[in-house]
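Trainee: Build the 3D model from these lines:
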Amino acid sequence: MTYFFTLSRTPTTLMSAAISRLSEGGVNRFTHAPLATDKSRAIVRPSPDLAYSSCPYDVSTGPVMIEVPSIPARYWSLSVFQANTDAAFVRNNVESGGAPIRVTIAQAGQGVSPGRAVARVEGAKGIALIRVLVDDRSRFAGIDAARRLAACRAVAGAVPR
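Mentor: Numbering: from 1, shown residues only. So this is what the prediction gives:
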């Protein structure tokens, strides 16, 4: 019984700790980490070849919109993780044809604007994560400027708790 309890609760417990740590910069907004070094640990075992931007989200009072501009890198992606660590949405620049990615994160029953991708999540909290391949550090300034244009915000009228 203890084994089952530990196994079933571990993902949620770990994600709760990650959400708490990443929420220090605010909820429903992106924070942009510097390139990883051997001392970096905000994200477990970060890759030194990836630039990370994270948005802890809370859809308890309504949907959250994510917009990621086209980033001038060979590869970039957006992933939306639920509180239990399940991926609710994943899209990369290859799948989007290099176009910006726009998605609304919402729970079942929450209305969303037509014409946008929708990530239906179970539970109110989770993390949206942008990962950008930085295969040439001399290009990081342009990559960093583009990823900082990414937006994560509650839909007008929705205020997270």
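Trainee: Distance of the closest residue to Tyr75 other than its chain neighbours relative to Val59?
Mentor: Nearest residue to Tyr75, sequence neighbours excluded (Cβ to Cβ, 6 or more residues apart in numbering): Leu133, at 4.2 Å. Every residue, glycine included, has its C-beta placed from N, CA and C. As judged by Cβ to Cβ, to the nearest Å, Leu133 and Val59 stand 29 Å apart.
Trainee: Which helix or strand contains the residue nearest to the spatial centre of the chain?
Mentor: For the chain, the residue nearest the mean C-alpha position is Ala128 (1.4 Å; Cα atoms, centre = their mean). In the assignment (DSSP states H and E), Ala128 maps to strand 125-133.
Trainee: what's the average pLDDT for that strand?
Mentor: Mean pLDDT, strand 125-133: 95.
Trainee: and the next helix or strand after that strand, how far out from the chain's middle?
Mentor: Using DSSP H and E, the helix or strand that follows strand 125-133 in sequence is helix 140-147. How far helix 140-147 lies from its chain's middle: 17 Å, per Cα atoms, centre = their mean, to the nearest Å.
Trainee: Any chance you could list what contacts helix 140-147?
Mentor: 32, 35, 51, 53, 68-73, 76, 130, 132, 134 (Cβ atoms under 8 Å, 6 or more residues apart in numbering).
Trainee: packing partners for the helix or strand that comes right after it?
Mentor: Following helix 140-147 in sequence order, the next helix or strand is strand 151-154 (DSSP H and E). Here strand 151-154 touches strand 50-58, strand 64-68, going by 3 or more Cβ pairs under 8 Å, 6 or more residues apart in numbering; DSSP states H and E.
Trainee: hmm, try it at 6 Å
Mentor: The contact analysis (3 or more Cβ pairs under 6 Å, 6 or more residues apart in numbering; DSSP states H and E) places strand 151-154 against strand 64-68.
Trainee: before we move on, back to that, quick one, which of Leu133 and Val59 is more surrounded?
Mentor: More neighbours surround Val59 than the other of Leu133 and Val59, with 24 against 18 (other Cβ atoms under 10 Å).
Trainee: Now do the same contact list for the more buried one.
Mentor: The contact partners of Val59, taken as Cβ atoms under 6 Å, 6 or more residues apart in numbering, are 105-107, 124.
Trainee: now Asp49
Mentor: Residues in contact with Asp49 (Cβ under 6 Å, 6+ apart) are Val134.
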